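A.B. asks: My questions are about this predicted structure, shown below with the sequence.
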Amino acid sequence: MKVHGKVWVVTGGGSGMGRELVVALLQRGARVAAVDVRADALAQTVAGADAVERLSTHVADITDVDAVRALVADVVTAHGCVDGLINNAGIIQPFEPVAQLSDQAMHRVLDVNLMGTINMTRAFLPVLIDRPEAHLANVSSMGGFFPFPGQTIYGASKAAVKLFTEGLYAELLDSQVSVSVIMPGAVATGITQNSGVEMPGGEAAASQSRIPQTQPADAARIMIEGIEKDKLHIYVGKDARFMNLAIRIAPRRAIEMVQKQMAKMMAPREPVR
């Protein structure tokens, strides 16, 4: 489905890939409802966007079912309909093994990444099904198919998003709603800061990483092009495509290689009791 002239809802629209998706959709002639939990972040998106007459902003917590249900009416009031939904909002966990991760941190990641995506999908799907054509895209992650020690709960949440989306694809095959699951690799966004997480070794370690990073604007372009081609799986970045191949061909070797790299970043600590 072409994005031009359609109404798109983008979660996490206040920063990172979400902001770039909002900007890119507007540039391609779409109408956009940008959703974020932070009003100040949405204001920055508006300040950096063109064609703001086609943009509405909505402050909402996607983990709040009632707020999400109310959001549907707000977006329809602003734009008249909804043709596409991109569930982009997500956070990472602290860089800690599962045994050391607090219950609060674990549930926060699962609530935002998985339940937030489910809440938005269930709320907006009836509206999408009523359209002549529509598209639902959920952002999973390279971590949703390849394990990264220290991000195990995050990866589990994104793996669940992947299978949830593939299940929706099967359920909606006989409808006018196309479905995509997006799997970005490393993208140069502020996800650590937005997640309230410190990068092991600090920002200096992140800048010295040999993992190639895709720029957010390029990531948004790849996502939109994949959506317009109605792709089920959209891989963002050379690293995502490579890791997808590696985990299929030599899973144990690939996992051991990444484990050695991650071990250098994570200092051992006592388990959380």
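C.D. replies: Happy to help now that I have it.
A.B. asks: Would you mark the buried spots in stretch 79-87?
C.D. replies: Across stretch 79-87, burial judged by 16 or more other CB atoms under 10 Å covers H79, V82, D83, G84, L85, I86, N87. All C-beta atoms are positioned from the backbone trio N, CA, C, and that covers glycine.
A.B. asks: how about a markdown table for these, with secondary structure and distance to Q151 added?
C.D. replies: Shown next, in a markdown table, are the buried residues of stretch 79-87 (DSSP: H, G, I helix; E, B strand; the rest coil; distance: CB to CB, whole Å):
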| residue | secondary structure | distance to Q151 |
| --- | --- | --- |
| H79 | helix | 36 |
| V82 | coil | 32 |
| D83 | coil | 33 |
| G84 | strand | 29 |
| L85 | strand | 26 |
| I86 | strand | 22 |
| N87 | strand | 19 |
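A.B. asks: could those be laid out in JSON lines, adding pLDDT?
C.D. replies: Output for those, formatted as JSON lines (pLDDT from 0 to 100):
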{"residue": "H79", "pLDDT": "98"}
{"residue": "V82", "pLDDT": "98"}
{"residue": "D83", "pLDDT": "98"}
{"residue": "G84", "pLDDT": "98"}
{"residue": "L85", "pLDDT": "99"}
{"residue": "I86", "pLDDT": "99"}
{"residue": "N87", "pLDDT": "98"}
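A.B. asks: of all those, which comes closest to T189?
C.D. replies: Minimum distance to T189 across the buried residues of stretch 79-87 is 15.1 Å, recorded for I86 (CB to CB).
A.B. asks: beta partners of the closest one?
C.D. replies: V10, A137 (DSSP bridges).
A.B. asks: ok, it touching E20?
C.D. replies: No - taking contacts as CB atoms under 8 Å, I86 lies outside contact range of E20: 11.4 Å.
A.B. asks: before we move on, which element is the closest residue in space to V181 that isn't next to it in sequence in?
C.D. replies: In space, and not counting its chain neighbours, V181 is closest to T165: 3.9 Å by CB to CB, 6 or more residues apart in numbering. For T165, the element it lies in under DSSP states H and E is helix 152-171.
A.B. asks: Buried ones in that helix, by neighbour count?
C.D. replies: 152-162, 164-166, 168-169.
A.B. asks: contacts for that helix?
C.D. replies: Residues outside helix 152-171 that contact it (CB atoms under 8 Å, 6 or more residues apart in numbering) are 87, 90-93, 97-98, 101, 105-106, 109-110, 113-114, 117-118, 121, 136, 138-141, 143-148, 179-181, 183, 232.
A.B. asks: Neighbouring strands - and their directions - for the helix or strand following it?
C.D. replies: Proceeding N to C from helix 152-171, the next assigned helix or strand is strand 177-184, under DSSP H and E. Next to strand 177-184 in the sheet, as set by DSSP bridges, lie strand 134-139 (parallel), strand 233-236 (parallel).
A.B. asks: okay if I get those strands as a markdown table plus mean neighbour count and distance to I224?
C.D. replies: As requested, the strands paired with strand 177-184 are exported to a markdown table (neighbours: other CB atoms under 10 Å; distance: least, CB to CB, whole Å):
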| stretch | mean neighbour count | distance to I224 |
| --- | --- | --- |
| strand 134-139 | 25 | 9 |
| strand 233-236 | 21 | 10 |
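A.B. asks: Serialize the ones you listed to TSV and add fields for distance to Q259.
C.D. replies: Output for those, formatted as TSV (distance: least, CB to CB, whole Å):
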stretch	distance to Q259
strand 134-139	25
strand 233-236	22
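A.B. asks: Let me see the confidence value for K231.
C.D. replies: Here, the pLDDT recorded for K231 equals 98.
A.B. asks: low-scoring pLDDT stretches of the chain, where are they?
C.D. replies: The model of the chain has pLDDT under 70 over residues 190-211, 264-273.
A.B. asks: S175 - how many residues pack around it?
C.D. replies: 14 (other CB atoms under 10 Å).
A.B. asks: For it, give me its contacts.
C.D. replies: I129.
A.B. asks: Dihedrals phi and psi, it?
C.D. replies: Backbone torsions of S175, given as degrees, to the nearest 10, read phi -110, psi -180.
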